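Asker: Need the 3D shape of this:
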Amino acid sequence: MPPRPSSLPSSSRNPYRRLFAIPGTRAFTIGNLIARLPMGMFSVSAVIMIAGTRGSYALAGAVTATGLAATAVVAPWTARLVDRHGQARIAVPATAVAALGSLALLLCVRLGTPDWTLFAAYAATATTPNTGGMSRARWAHLLEGDPVRLHTANSFEQAVDELCFMFGPVLAALLCGALFPEAGTLVAVVLLLTGVLVFSAQRSTEPPARGRTDAGSASPLRAPGIPPLLVGFLATGAVFGSMEVVTIAFADAQGHRAAAGVVLALQAAGSCAAGLLYGVLRLGGSVERRFLLSVGAMAPLMCLPLLAATLGSGGGLVALGLALLLAGMATAPTMVTAMTLLQHRTPEGRLNEGMTWAVTGLLGGIACGSAVGGFVVERASPAAGYGVPVGAAVTALLIALTTARPAQFPAPLKNGPHVG
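Answerer: From the prediction side, this is the model:
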């Protein structure tokens with residue numbers, strides 16, 4: 001049994017150093033980092049591999065969309081098994097099935113099999129476990145009764161998400177371009193298997209399996225406060241999905257499509273930096289109030305890319321990159337507080353399932369945002385497309401405002417903000 005937070009040394013002023021002073025946390029974090037990097041590699045690798053071989057981006061997009069839809073169906077079921085039987089017992093075989101699906105896709109593309117085999121193979125990757133959710137579940141288990149340090153842990157996890165989705169696509173594109181089209185998928189499979197094995201081997205920090213005794217507990221979907229929060233995740237995902245598509249189209253329209261990845265990386269970098277900084281702050285007030293403030297900041301900051309694209313002379317990517325950097329700083333606090341709220345509201349014994357539903361909402365939002373963003377770009381203009389993430393952010397704010405209890409609304413500050 002790992003030592004509880006109260007028994008750990010607290011002399012360090014660095015909250016992240018104190019966080020990783022807990023025995024076993026560094027080992028499972030390293031494994032989780034290795035396992036999460038491929039999450040930003042698989043779809044990009046699949047698109048490059050399929051489009052390069054079959055000559056159809058439409059086919060590549062349809063195959064990856066099928067995998068996303070399959071994940072939305074399978075992932076909550078996989079997470080329910082993780083809660084019931086334990087992370088190691090479920091994550092390892094589930095990862096093995098997903099790895100076989102990716103390798104099957106690679107072989108189907110390489111051997112020129114019929115198109116339907118690509119859909120079937122990529123759908124098998126839906127069993128990939130939510131490693132980010134499992135990592136957050138470990139922190140929630142280790143830091144039970146220590147909300148301050150749990151806030152730091154959730155902020156760190158959000159920063160890791162941003163790093164993986166910032167470097168994953170770049171690594172995939174580099175491997176596929178410099179070596180061969182299947183290289184990105186092969187490396188991603190190796191990283192995923194290695195990371196999950198290292199992560200699952202750290203049994204001392206693993207939350208206890210709940211068994212079937214919790215089978216009758218309330219589903220996260222029926223828990224109070226969870227449904228509107230999941231709809232908020234859907235709207236936030238639309239911000240991410242639309243921003244990516246519109247930025248690629250905008251850079252392409254300016255004759256600098258190759259720079260789109262760098263510009264998008266600035267958004268992820270801003271979110272990563274904000275997440276790490278947010279984990280250091282000791283903000284007063286309830287999580288609900290901090291969530292409202294974070295979503296309230298995200299909506300106006302998402303207007304900055306729209307202004308840069310429509311008002312910038314010559315459509316300069318430099319101004320757009322700066323705007324995306326600033327806009328990205330609003331997403332991490334929103335995601336951190338939303339995940340913390342989800343942990344508070346999810347029924348006991350169903351935490352992995354609850355967080356997987358959140359990821360499913362995000363993925364669904366990314367898909368919807370990509371589709372709407374692409375539609376607006378084609379029917380109007382790339383600059384006008386930046387209105388889509390603004391609309392999605394405003395929708396997330398309206399959802400938060402209309403579902404918040406009166407006590408959750410920020411009270412007027414007296415004698416300055418409380419930071420404790």
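Asker: Now the residue sitting nearest the centre point of the chain: closest residue in space, sequence neighbours ignored.
Answerer: Central residue of the chain (C-alpha atoms, centre = their mean): D161, 5.5 Å from the mean position. Excluding the flanking residues, the one nearest D161 by C-beta to C-beta, 6 or more residues apart in numbering is G132, at 6.1 Å. Every residue, glycine included, has its C-beta placed from N, CA and C.
Asker: now what about the helix or strand hosting the one you found, what contacts it?
Answerer: If you go by DSSP states H and E, G132 is part of helix 131-142. Applying C-beta atoms under 8 Å, 6 or more residues apart in numbering, the external contacts of helix 131-142 come out as 2, 5, 22, 25, 28-29, 32, 35-36, 39, 79, 82, 87, 91, 150, 153-154, 157, 160-161, 195-196, 199, 205-208, 339, 343, 351-352, 355-356, 358-359.
Asker: can we see that at 6 Å?
Answerer: For helix 131-142, contacts defined as C-beta atoms under 6 Å, 6 or more residues apart in numbering pick out 22, 32, 35-36, 87, 153, 157, 205, 207, 343, 351-352, 355-356.
Asker: gap between whichever strand or helix holds A327 and the chain center?
Answerer: Here A327 sits within helix 317-328, counting by DSSP H and E. In terms of C-alpha atoms, centre = their mean, to the nearest Å, the centre of helix 317-328 is found 20 Å from the chain centre.
Asker: next one: stretch 119-136
Answerer: With C-alpha atoms, centre = their mean, you get 13 Å for stretch 119-136.
Asker: taking the mean pLDDT, what do you get for it?
Answerer: Mean pLDDT, stretch 119-136: 86.
Asker: Please list all residues in contact with the closest residue to T71 other than its chain neighbours.
Answerer: Excluding its sequence neighbours, the residue lying closest to T71 (C-beta to C-beta, 6+ apart) is A126, at 4.4 Å. Residues in contact with A126 (C-beta under 6 Å, 6+ apart) are A70, T71, V74.
Asker: Give me the contact list for stretch 143-160.
Answerer: Stretch 143-160 has contacts (C-beta under 6 Å, 6+ apart) with 5, 15, 19, 136, 139, 272, 275-276, 278-279, 332, 335-336, 339-340.
Asker: from those, which ones fall inside helices?
Answerer: Within the contacts of stretch 143-160, residues falling in helices by DSSP state H are 15, 19, 136, 139, 272, 275-276, 278-279, 332, 335-336, 339-340.
Asker: can I get those in TSV with distance to C368 and neighbour count?
Answerer: Below are the ones in helices among the contacts of stretch 143-160 laid out as TSV (distance: C-beta to C-beta, whole Å; neighbours: other C-beta atoms under 10 Å):
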residue	distance to C368	neighbour count
P15	36	19
L19	35	24
R136	24	26
W139	30	25
C272	24	24
G275	24	26
L276	29	19
Y278	27	25
G279	30	23
A332	22	27
M335	18	26
V336	23	27
M339	21	27
T340	25	22
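Asker: I'd like the residues you listed laid out as CSV, including distance to L292.
Answerer: Formatted as CSV, the ones in helices among the contacts of stretch 143-160 follow (distance: C-beta to C-beta, whole Å):
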residue, distance to L292
P15, 24
L19, 26
R136, 22
W139, 24
C272, 23
G275, 18
L276, 22
Y278, 15
G279, 19
A332, 16
M335, 14
V336, 14
M339, 15
T340, 13
